[in-house]
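# predicted coordinates and the sequence they were generated for:
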Amino acid sequence: MNQMNQMNQMNQMNQMNQMNQMNKKKKNYLLICELFHPHLHGYDINESDPNIHGHHLIIHIDDNNHQDSEYYSNSDSDSNSEDDYFILNKVMIDIYKKKYKYLTESYKKNNLEIFHPTIRNYFNIISQDNYITPQIGYQVYLSGNECVAILKTFWLRIIQRCWRRVYYARKEMLKPPNIIQYLRIRETGPNYCIRIPSIHGMFWATSYLITG
C-alpha cells in the first residue's frame with residue numbers, strides 16, 4: 001500500500017514538473033476561450049484544480065508553426081490553407097456564440113439566471129455578443145491538466161480607450177478657435193506652456209488643460 005502511494009506521489013510530481021516546464025515557455029497566442037463553469041464543464045473535487053474557477057478554458061489556439069515550416073516556405077502550391085484556417089475559426093466562434101445565445105435566452109424565458117461560484121456578473125458576461133471573440137494571451141496547464149489562458153487583450157482595450165481620449169483631445173486642439181487661443185498664450189511668455197496630449201501619461205491623465 002505504501003509503495004502504491006509513493007508511486008502515485010512520484011507520478012504527480014512528474015506531471016507537475018512537466019507542467020511547470022511547459023508553463024515556463026510562455027508565448028503569446030491567438031486564442032478562442034470561454035469562462036470555466038462547473039455545471040457546464042464539470043468539476044471533480046479529487047482531480048480538478050481547486051483554482052480553476054475564474055479561469056478561461058482554451059477552446060482553440062493558433063500556434064502559427066506552419067507559417068515558419070520549411071514545407072510551407074518552399075511550397076509552390078496555390079493552396080487556400082490560410083483561408084480555410086480563418087474560415088474554420090469563424091465557424092468555431094459562430095458555433096459557440098449560438099451555444100451561449102441559446103443557453104442565455106432559454107434561461108431568460110424562464111426568468112432564471114446562471115450563477116457562478118466566483119464571478120457575480122457571469123450571466124451578463126456570457127450574454128454579451130462579444131463574449132466569444134479572438135483573444136491574445138498565453139496558455140497555462142493547471143494541476144488538473146486543465147488548459148487555461150492568461151489573457152492580455154484586457155490591457156490592449158485599456159490602451160485603445162486611453163489613446164482614443166488622447167486622439168479626441170488633439171482634434172479639439174486643432175479646431176480654429178482653440179489654435180488662436182493657444183497661440184496667444186504662447187506669445188505671453190516662456191512661463192506659459194501648452195500641454196500636448198501624447199502617449200506619455202495617457203493612463204492617468206483625466207483631462208488636458210493649458211497650464212502656466
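Sure, I can see it.

# per-residue confidence for residue 186?
Reading off the per-residue confidence, residue 186 sits at a pLDDT of 67.

# ignore what I typed, I meant residue 80.
What the model reports for residue 80 is a pLDDT of 50.

# can you verify residue 136 is assigned to a strand?
Yes. Using DSSP: H, G, I helix; E, B strand; the rest coil, the secondary structure at residue 136 is a strand.

# host element of residue 182?
Residue 182 is part of helix 176-188, with elements assigned from DSSP states H and E.

# so what's the closest residue to residue 29 other than its chain neighbours up against?
Spatially, and ignoring its direct neighbours in sequence, residue 29 is nearest to residue 61 (5.1 Å; C-beta to C-beta, 6 or more residues apart in numbering). Quick note: C-beta positions are derived from backbone N, CA and C, even for glycine. Residues near residue 61 by C-beta atoms under 8 Å, 6 or more residues apart in numbering: 29-32, 139.

# ok, now how distant is residue 61 from residue 27?
Computed with C-beta to C-beta, to the nearest Å, the distance linking residue 61 and residue 27 is 10 Å.

# and the contacts of residue 61, which is closest to residue 125?
When those are compared for distance to residue 125 (C-beta to C-beta), residue 32 wins out at 15.7 Å.

# tell me which other helices or strands the helix holding residue 182 touches.
Applying 3 or more C-beta pairs under 8 Å, 6 or more residues apart in numbering; DSSP states H and E, we find helix 176-188 packed against helix 153-173.

# for this structure, what helix or strand is lowest in average pLDDT?
Counting by mean pLDDT, DSSP states H and E, the weakest-scoring helix or strand in the chain turns out to be helix 70-74, with a mean of 40.

# and the contacts of residue 61, which are buried?
29, 31-32, 139 (16 or more other C-beta atoms under 10 Å).

# which parts of stretch 119-137 are buried?
Along stretch 119-137, these residues count as buried under the neighbour rule (16+ other C-beta under 10 Å): 119, 122-123, 126-127, 131-132, 135, 137.

# which residues touch it?
Counting contacts by C-beta under 8 Å, 6+ apart, the residues outside stretch 119-137 that touch it are 28-35, 37, 54, 56, 89, 93, 96-97, 100, 103-104, 107, 113-116, 149-153, 156.

# do me a favour and get the end-to-end distance for it?
This stretch, stretch 119-137, spans 20 Å end to end (C-alpha to C-alpha, to the nearest Å).

# quick one, longest helix in this structure?
helix 81-109 (DSSP state H).

# show me which residues of that helix are buried.
For helix 81-109, using 16+ other C-beta under 10 Å, the buried residues are 93, 96, 100, 104.

# in TSV: the residues you listed, plus pLDDT and distance to residue 163.
Putting the buried residues of helix 81-109 into TSV (pLDDT from 0 to 100; distance: C-beta to C-beta, whole Å) gives the following:
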residue	pLDDT	distance to residue 163
93	89	26
96	92	30
100	93	30
104	93	32
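
# out of those residues, who's nearest residue 166?
After measuring the buried residues of helix 81-109 against residue 166 - C-beta to C-beta - the closest member comes out as residue 93, at 31.3 Å.
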